[in-house]
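S.K.: Structure here, sequence nowhere to be found:
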C-alpha cells in the first residue's frame, strides 16, 4: 500500500519546499456596494496558493493581525481565518477567498487597513499582504488624473486619499475647494505638471497631510513626500493652505513658462517637514503672508538661481524636533554641473526682493546668501528690507536705510505650541513697510496701512 501512493500525495518535510502565490498583495479598491457589518461591502477576492514541489506539503495558514476585524477568509472551502496542517498536493494549488466587512462611515478606522496572511511550510515563513479602503473617501492610487476637459474639480464633500502618488498632467487644471482635506500615504507625492488652484479660506483651509489619523502622529514629520511642481507646470496658486508632516513641503522646479510666477503662495502654513518647507530650484515664487516652520534643514531654499519675491512671511525653526545644523534660510546661485561637479552646464542669477519677513531660529546665524564660484552673478534685484533677521554674518552688509532689525527676539507667543503670533512688545510690531495690495495678515486681520507689522501676523 505504501508504494502505491502517488508522489504528489507523499508529504515532504524538506525545509527548502516553498509556496508561490498569484499576487503578493490583495487589494480591495472597489467602490463600497453597501453599508453595514452583516454583509461584505467589498467584492470577494481570490488568492491562489501554488505548491510547485513534486511532493505534497502541509501548511499552517493564519490571518496575522486583523486588528479591525474586517477581513474574513475561506481557505479552500473552509470558512476560517486560521488553519493548521493544510495539505496541498504536489504541483497543485488551493484558493483562499477573502472578503472585507466594514462600515466605511466609522471615523475610528484609518483610511487604509493592512493585514497579511502568513504561511509556514516546513519551517519556511512566507506571507501575502491584504490592503483595503476602510472608510468613505475619494481614493487615488498611483494615478495620472483623468482630465477629460482639461479641468478637474475636487470638492470638500469627502476626504481625498492618495496612495503611491498622483500626477496632475500637463494641460490639466486641478481646482480644489475650500475645506478639502487631502491625505497622502507614506512615500506618496503630489506631482503637478499642469496647474494647481487651491482655494482655501481663513476659516476653511485646504489641508495636505499624511494619512495617519492617530493623535500621536498629528505633528510627526516625514509621513509623506510633499507637493512638487514640475518644469512643465504653470500659473499655480495656493491660498489658505496647510501643508504639514511631510518630507518636503512645496518644491518648485524651473522658471515660469510665462510672465506669472510659477507659484503664488499666500496666507498658508507649511510645518513639520523632515528636510525643507518651501523650495525653489531656478524657480519663480511669489510668497505672501505665510508661516513656514519646524523643518529639518531649511524653511526656505532658493537654489540654482531663480526669482523670489517674499513679503510678510515668517520663516522660523527651533531645534525642538530636529538636531538641525543648517541655517534656516538660503539663497544660492550655485550652477548646474555635470555628475563630476567640474563642468558647468548652466548658471542662473538669484534675484530676490524680501520685505517684512521674519527669519529666525535656534542657530546663531539663520541666513545664508551664497555667491558660488561659477554661479551667475548678473542679478537685477537683491533687496532685503524691513526684515527681522537672526544673523551674525550680514549685520554690516545692509545699509541702515533698509531698516532691517538684527538679532532681536521676535517674541513669538509660544513657538513650542506652534503659536507664532507676536506679543505686543515684539520689535516686529509696526516696523514694516507697506507693500501694494497686501492689506491683511495670515489670519485675515487688517494690516496697519502705514506701519504694518513684520512677519505673517499683524
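M.R.: Structure received. Here the structure is a predicted model, which is why all the values come from computation and not from measurement.
S.K.: ranges for the helices of the protein?
M.R.: Counting by DSSP state H, the chain forms no helices at all.
S.K.: Just want the most central residue of it.
M.R.: Nearest to the geometric centre of the chain sits residue 226, at 3.1 Å (Cα atoms, centre = their mean).
S.K.: Which residue, other than its chain neighbours, is closest to it?
M.R.: residue 248 (3.7 Å; Cβ to Cβ, 6 or more residues apart in numbering). Backbone N, C-alpha and C define where each C-beta goes, glycine included.
S.K.: Tell me the spacing between the one you found and residue 98.
M.R.: 36 Å (Cβ to Cβ, to the nearest Å).
S.K.: and what of residue 180?
M.R.: For residue 180 relative to residue 98 (Cβ to Cβ), the value is 32 Å.
S.K.: Same check on residue 237?
M.R.: Using Cβ to Cβ, residue 237 is found at 44 Å from residue 98.
S.K.: quick one, which of the two is more surrounded?
M.R.: residue 98 (24 against 18; other Cβ atoms under 10 Å).
S.K.: What distance do you get for the nearest residue to that one once chain neighbours are set aside to residue 27?
M.R.: Leaving aside its chain neighbours, residue 98 sits nearest to residue 45 (4.7 Å; criterion: Cβ to Cβ, 6+ apart). Counting by Cβ to Cβ, the gap from residue 45 to residue 27 is 8 Å.
S.K.: Which strand residues bridge residue 133?
M.R.: Residues in a beta bridge with residue 133, per DSSP bridges, are residue 112.
S.K.: just residue 129 next, same as before
M.R.: residue 25, residue 116.
S.K.: burial of it, as a residue count?
M.R.: Other residues close to residue 129 by other Cβ under 10 Å number 14.
S.K.: now do the one 5 residues further on
M.R.: The tally of other residues near residue 134 (other Cβ under 10 Å) stands at 23.
S.K.: wait, what's in contact with it?
M.R.: 68, 70, 102, 104, 106, 109, 110, 111, 112, 113 (Cβ atoms under 8 Å, 6 or more residues apart in numbering).
S.K.: Could you find the closest non-adjacent residue to the first one?
M.R.: When you say that, I think you mean residue 68. Of all residues not flanking residue 68 in the chain, residue 113 sits nearest, at 5.4 Å (Cβ to Cβ, 6+ apart).
S.K.: Was I right to think that neighbour contacts residue 135?
M.R.: No: assessed by Cβ atoms under 8 Å, residue 113 is found out of contact with residue 135, at 9.2 Å.
S.K.: Now for these two: what residues contact both?
M.R.: Taking Cβ under 8 Å, 6+ apart as the contact rule, residue 113 and residue 135 both touch residue 102.
S.K.: Against residue 377, how distant is the residue nearest to residue 68?
M.R.: Residue 113 sits 56 Å away from residue 377, going by Cβ to Cβ.
S.K.: ok, now residue 279?
M.R.: 22 Å.
S.K.: buried set for stretch 166-184?
M.R.: Using 16 or more other Cβ atoms under 10 Å as the test for burial, stretch 166-184 gives 166-170, 172-184.
S.K.: ignore the last one, stretch 106-118
M.R.: 109, 110, 111, 112, 113, 115, 116, 117, 118.
S.K.: Over to stretch 435-455?
M.R.: Buried-residue list, stretch 435-455, by 16+ other Cβ under 10 Å: 435, 438, 440, 441, 442, 447, 452, 453, 454, 455.
S.K.: I'd like to know how far the fourth one sits from residue 203.
M.R.: Relative to residue 203, residue 441 is positioned 15 Å away (Cβ to Cβ).
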